[in-house]
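Colleague: Provided below are the primary sequence and the corresponding predicted coordinates.
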Amino acid sequence: MIPQHSHCQICGKAIKYGEVVCSEKCRKEYEQFIKKRKMYIYIMYAALLFLIIMVVMSII
């Protein structure tokens with residue numbers, strides 16, 4: 001039976017269950033990925049807010 005484990009979010013290597021990444025290099029890449037992802041989410045919310053404001057302004 002295979003012991004309980006998970007896989008590195010960056011390179012896919014098998015790691016201890018509950019961990020996210022396997023090494024410091026992968027941790028840095030993962031943190032950069034998370035920062036970019038947050039920025040894209042903020043940009044999408046700003047664009048959505050802009051569209052809502054444009055629709056409301058066109059109705060008035």
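Modeller: Received, thanks.

Colleague: Pull the residues that contact stretch 7-25.
Modeller: If you take Cβ atoms under 8 Å, 6 or more residues apart in numbering as the criterion, stretch 7-25 is touched by 4-6, 26-27, 29-30, 33. (Glycine included, C-beta is placed from N, CA and C.)

Colleague: quick one: average pLDDT of it?
Modeller: For stretch 7-25, the mean pLDDT works out to 95.

Colleague: buried sites along it?
Modeller: 8-10, 15, 21-22 (16 or more other Cβ atoms under 10 Å).

Colleague: start to end distance for it?
Modeller: Start-to-end span of stretch 7-25 (Cα to Cα, to the nearest Å) is 15 Å.

Colleague: from the middle of its chain, how far away would that stretch be?
Modeller: 16 Å (Cα atoms, centre = their mean, to the nearest Å).

Colleague: before we move on, what about stretch 36-54?
Modeller: Relative to its chain's centre, stretch 36-54 lies at 15 Å (Cα atoms, centre = their mean).

Colleague: Quick one: mean pLDDT over it.
Modeller: The average pLDDT for stretch 36-54 rounds to 98.

Colleague: For the contacts of stretch 7-25, which entry has the maximal number of neighbours?
Modeller: Cys26 (18 neighbours; other Cβ atoms under 10 Å).

Colleague: Okay, and that one sits in which element?
Modeller: Per DSSP states H and E, Cys26 falls inside helix 24-59.

Colleague: which parts of that helix are buried?
Modeller: So, applying 16+ other Cβ under 10 Å, buried residues of helix 24-59: 26, 29.

Colleague: That one: how far from the chain's middle?
Modeller: Centre-to-centre, helix 24-59 and its host chain are 10 Å apart (Cα atoms, centre = their mean).

Colleague: quick revisit: quick check, nearest of the buried residues of stretch 7-25 to Tyr45?
Modeller: Set against Tyr45, the nearest of the buried residues of stretch 7-25 by Cβ to Cβ is Gln9 (24.1 Å).
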